[in-house]
Every structure is written in C-alpha cells, then in structure tokens.
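1. Sequence first, then the predicted structure, then my questions.
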Amino acid sequence: MSEEEMDFDPVQLMERARAAKDAGEEEMAARAFNTAGNYYMSIGEFDEALKSFREALELFKSLGDTEGRGDALYNLGVAQMNNEELEEAEMTLQSAVDMFEKASDDSGTADAMYALALTKLGLDEFDEAISLFRKAKRIYKEMDNMQGMASVRMDIGNAQADQEEWDKAEREFKKALKIYEKIDDKAGIGDALSLLGDISELQNDQKKSAEYFVDAAENYFEAELFEIT
C-alpha cells in the first residue's frame, strides 16, 4: 500500500476505485479495490474486504494481469478463511497457487500454499495441510526467507500439538526457535519458547516449563511485548 493510498479511508478509496473504473482506468481501479480490501482486512471488516477483492479480481481478469489475479485471489482466499468460509477459501487459494505458479512467482506461490495449508487444517485435512506447509517451507528456504521458514515451522508444530504429537511438535518449535535466534526476532523467540513451555508443562516437567516461560517473558520484554499470549 502506497503512502498516497494510506491517506484515504476505505470509503474514499472505494469511491476512487469506482470512479477510475467508470473512466476506463481499469488497472488503477483494480489496485485501488485491492488496497481497500487489504485495509478492510486489517480492521476485521471481512464482508467489505470480500467485496473489494472480488471487484479487483474481475478487473485483473479483464486486463489479463496474471500477477494481479494471483494477488487478488490470494487476498480473497485469506479473507474467506478469516470469514470462516473455508470451502470457498480452499478453492480460491488453490486457484491462487495455480496462478502464481503460472507467473513463476515463487513468493506468491509459497504464501498461497501456506494460507491453503491453514485452510486445510480448518477443514480437518491434517495430512494435506502438513504436505502444503512443507512445500511452502521448501520454497521459503530456496528464497532464503528465514521469517517464512520459521512461521511455517511454528504452524506445523501447532498442528502436531493439536494432534497430541508432542515430540514432533517440540522438534518443530525448537527448529523455529533456532531460526528466530539467527534473525534476532525477539517476538518470535518468545513465541517459540512459550510453546515449548506449554509442551513441557503438559509433560509434567515443571522446572523446564518455568525456564522456558521466564526466557519467553524476557524476550517479549525486549520486543516490547509485555503480555504473553
């Protein structure tokens, strides 16, 4: 989102998008609708976000803009996922993956696979979700996207913890922790340590659990996050 676009509230931006569309400036309109959708997403107004992303998608389609279509599909799918429209999100995000692959956009492909994996989890399709997480992680690794790799490992660990696969989850959280330490992400370090503390607590290792929680709190403090969630 550009600084210019940030100066608009979403209603003004939607009006601008419609005016551009009426004037035949389809590319400007598509990007404005996409930006408005992202803003609505950020404030939790998912119905408005869905409308905006659908408008953007139709315009990108008419423009033959493969990258734009991929972005709009991804955003639409994430909005559907957040709005608990999981079956729709699954189809939309698969289309986004296909579109990004067609455009040879590795970053977009990985992000869409990641979101699709989260959607699959919501649909209780555990094995498919883990497979997609790992595919996304491989792409992030090829791109040297350490943050992406760590985030995926955290979600794999969370998924395994939900299945009570504690040893597997612990391994993923420890691998994520190493990455966060490497990139000096204090908030990420705190999150990984906190989850490791949860697992130790469930395994009745109170001493180790307390150590993890204390270390997590210290990292949250350094990251200026004062509440452990």
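-> Good, I have the coordinates.

2. Do a quick rundown of the helices in the protein.
-> 3-6, 10-22, 26-42, 46-63, 66-82, 86-102, 106-122, 126-142, 146-162, 166-182, 186-202, 206-222 (DSSP state H).

3. looking at those, which has the lowest confidence?
-> Ranked by mean pLDDT, the helices of the chain bottom out at helix 3-6, with a mean of 43.

4. Dump the helices of the chain to CSV, plus mean neighbour count.
-> From N, CA and C alone the C-beta is placed, and that goes for glycine too. Rendered in CSV, the data for these read as follows (neighbours: other Cβ atoms under 10 Å):
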stretch, mean neighbour count
helix 3-6, 10
helix 10-22, 17
helix 26-42, 22
helix 46-63, 20
helix 66-82, 23
helix 86-102, 20
helix 106-122, 22
helix 126-142, 18
helix 146-162, 21
helix 166-182, 18
helix 186-202, 21
helix 206-222, 16
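
5. Count the neighbours of residue 45 for me.
-> Other residues near residue 45 come to 16 when the count uses other Cβ atoms under 10 Å.

6. and the nearest residue to it once chain neighbours are set aside, what does it touch?
-> Distances taken as Cβ to Cβ, 6 or more residues apart in numbering put residue 10 closest to residue 45, at 7.9 Å, once the chain neighbours are dropped. Contacts for residue 10 (Cβ atoms under 8 Å, 6 or more residues apart in numbering) come out as 36, 39-40, 45, 48, 52.

7. For residue 10, give its distance to residue 73.
-> Plainly put, residue 10 is 20 Å away from residue 73 if you go by Cβ to Cβ, to the nearest Å.
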